[in-house]
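Colleague: output the structure for:
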Amino acid sequence: MSVWEKVDEETLEMLKAQKAFEDETVKRLTPLYELIKNPLAKSFINRIILDTMKHSHIYQTLIDIDRRALVGEINREKMIKELTNHIKEESKMVEKAVEISHSVKDKNFKKILNRVVEDERQHHKILQELYEIIKKEAKDWNRYLYEISSEF
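Modeller: Modelled structure (predicted):
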């Protein structure tokens, strides 16, 4: 039995179409990004491109989960080692981002940096949860991953 409910064919087609639309949007925005000289405008377009790429990846993940709802075999020891390293790195990133945020006086700069801090904390949380899941027995990975999937 699957941990999640499969989507119907019409919904699956909508997911595929939306993923393709997101991919096309990235292709259209990338040349604009390359033309822009103003660092703030360039940063805004870059954020939209990155978010759009993330959305495309999320749609693809949903499509993949719906069609082959298995985690599959992975090299647990390598994953655990790499996740341990990345968790430490994310902790340092959070600390540094907070430190920088505290030293900035401009309210708009501070808002931007606080968004980075929030993202880094989210990354750290996701890595921690993934690490805990990988350490558990393989037969339960699907359930654990499904339970945290709404958080990314």
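
Colleague: separation between the residue sitting furthest away from the middle of the chain and residue 130?
Modeller: What lies farthest from the middle of the chain is residue 105; by CA atoms, centre = their mean that is 29.6 Å. Distance, residue 105 to residue 130, by CB to CB, to the nearest Å: 37 Å. For glycine as for every other residue, the C-beta is placed from the backbone atoms N, C-alpha and C.

Colleague: just to revisit the earlier point, secondary structure element for the residue farthest from the centre of the chain?
Modeller: Following DSSP states H and E, one finds residue 105 outside all helices and strands.

Colleague: what is the rounded mean pLDDT of the helix or strand harbouring residue 61?
Modeller: Assigned by DSSP H and E, residue 61 belongs to helix 39-67. Regarding helix 39-67, the rounded mean pLDDT is 90.

Colleague: which strands or helices does it pack on?
Modeller: On a contact count with 3 or more CB pairs under 8 Å, 6 or more residues apart in numbering; DSSP states H and E, helix 39-67 meets helix 9-35.

Colleague: before we move on, the earlier item: any idea of the angle the helix holding residue 61 forms with helix 9-35?
Modeller: Relative orientation of helix 39-67 and helix 9-35, computed by axes from the mean of the first three to the mean of the last three CA atoms, to 10 degrees: 160 degrees.
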